[in-house]
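> Got a sequence here, can you model it:
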Amino acid sequence: MKYRFGYVSHATSLWDASPSKTITFARYKDLSKEEKREKLLAVTAQNLEHTLRALHYNIGHEILLYRMSSSIVPLATHPEVNWDFVSPFKEKWLEIGELVKKHKLRVSFHPNQYTLFTSPRNEVTDNAVIDMDFHYRMLEAMGVAEQSVINIHIGGSYGDKENTISRFYRNLQKLPPSIKKVMTLENDDKTYTAEETLLTCQLEKIPLVFDYHHHMANLSTKPLEELLLPIMETWKYRGLTPKIHLSSPKSEKEFRSHADLVDAEFVKPLFALLQPLGMDIDFMIEAKAKDRACLQLVEDLGKIRGVKRVGGATLEWK
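Alright, predicted model coming up:
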């Protein structure tokens with residue numbers, strides 16, 4: 001079985017390569033009509049170019065997983081801006097998509113924590129639909145929506161988990177089926193455990209992105225060995241390789257915060273539980289050092305007996 005590893009957004013090994021450069025709305029308001037358009041185009045062009053740089057870097061280092069930045073397009077969902085970010089960059093979006101498809105890269109998006117369907121406020125749900133649509137339009141512009149995912153959390157409990165989950169199911173109906181088809185859910189570190197998230201995923205036929213660090217901070221009532229197989233099986237809804245998020249605590253005191261690198265000793269118990277499943281799995285590294293953390297973990301895990309490094313960021317686990 002093969003385990004592939006990737007990282008989030010910014011290839012820190014590259015100079016000045018952030019794909020998340022932006023402009024604040026306060027600054028945007030002070031510009032003339034012409035300057036506003038020029039600024040939006042300039043920042044987006046730079047972020048798209050930096051996304052391409054990251055992808056070429058990944059290809060060179062054989063890193064086949066990559067989470068794209070949600071901030072490629074500045075002010076994309078702001079109600080007072082609402083601009084066409086696809087047409088001016090049609091060829092560039094397609095260029096990125098062709099590169100992804102040619103090298104069989106797996107890309108994804110992870111909107112921020114405010115994209116949720118549990119809020120009792122209608123405007124929050126409406127904004128979540130807008131944000132999911134924005135991410136879907138980027139995947140669509142690249143031509144990679146069929147093989148990609150948009151990952152979110154269930155959200156808060158608002159003091160009543162049972163009623164909140166019921167509201168989640170109702171609010172989710174506002175999401176167009178084409179977008180819901182590419183969404184995934186992730187267990188979180190404070191509210192919804194892997195066990196609770198799994199139940200929701202099974203009911204809605206949504207793949208579950210299991211976050212091991214979050215699980216360790218917010219344990220389920222069932223042991224992990226009982227949850228892993230049904231979690232992995234949720235990916236059959238999309239016919240995609242299961243994906244897991246990996247990071248390790250910054251410290252015992254700041255257990256929920258991500259460390260710069262991933263401590264191999266912290267994640268080894270997970271791999272011991274996964275090995276009997278005998279399936280290929282992808283791992284997204286959420287450590288602060290991003291690409292460097294990804295490659296370091298692959299190197300560390302590659303030293304385990306019975307593990308063979310067969311690519312820059314791919315391990316064969318026997």
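> and the top strand by length along the chain, what does it pack onto?
Longest strand in the chain by number of residues (criterion: DSSP state E): strand 2-8. Contacts defined by 3 or more Cβ pairs under 8 Å, 6 or more residues apart in numbering; DSSP states H and E place strand 2-8 against strand 65-67, strand 281-285, helix 291-301, strand 314-317. Every residue, glycine included, has its C-beta placed from N, CA and C.
> For these, give me CSV that also has distance to Tyr28 and mean neighbour count.
CSV is the format used below for the helices and strands packed on strand 2-8 (distance: least, Cβ to Cβ, whole Å; neighbours: other Cβ atoms under 10 Å):
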stretch, distance to Tyr28, mean neighbour count
strand 65-67, 26, 23
strand 281-285, 32, 24
helix 291-301, 31, 21
strand 314-317, 42, 18
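> Make TSV from these and add mean pLDDT and distance to Lys90 to it.
Formatted as TSV, the helices and strands packed on strand 2-8 follow (pLDDT from 0 to 100; distance: least, Cβ to Cβ, whole Å):
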stretch	mean pLDDT	distance to Lys90
strand 65-67	98	22
strand 281-285	98	29
helix 291-301	98	29
strand 314-317	96	33
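> so which of those comes closest to Lys21?
Closest approach to Lys21 among the helices and strands packed on strand 2-8 is made by strand 65-67 (17.2 Å; Cβ to Cβ).
> Can you pull out the residues in contact with the closest one?
Strand 65-67 is touched from outside by 4-9, 54-55, 58, 105-110, 243, 282-284, 313, with contacts defined as Cβ atoms under 8 Å, 6 or more residues apart in numbering.
> What number of residues are in the vicinity of Glu80?
Look at Glu80: counted by other Cβ atoms under 10 Å, it has 8 neighbours.
> what does Leu64 give?
Neighbour tally, Leu64, other Cβ under 10 Å: 20.
> Need the per-residue pLDDT for it.
Note on Leu64: pLDDT of 98.
> show me what contacts it?
4, 6, 58, 103-106, 311, 313-314.
> And for Glu225?
By Cβ under 8 Å, 6+ apart, the residues touching Glu225 are Leu273.
> Does it belong to a helix, a strand or coil?
Classification of Glu225 by DSSP: H, G, I helix; E, B strand; the rest coil places it in helix.
> I'd like to know how far it sits from Ile231.
Using Cβ to Cβ, to the nearest Å, Glu225 is found at 11 Å from Ile231.
> Nothing else from me, thank you.
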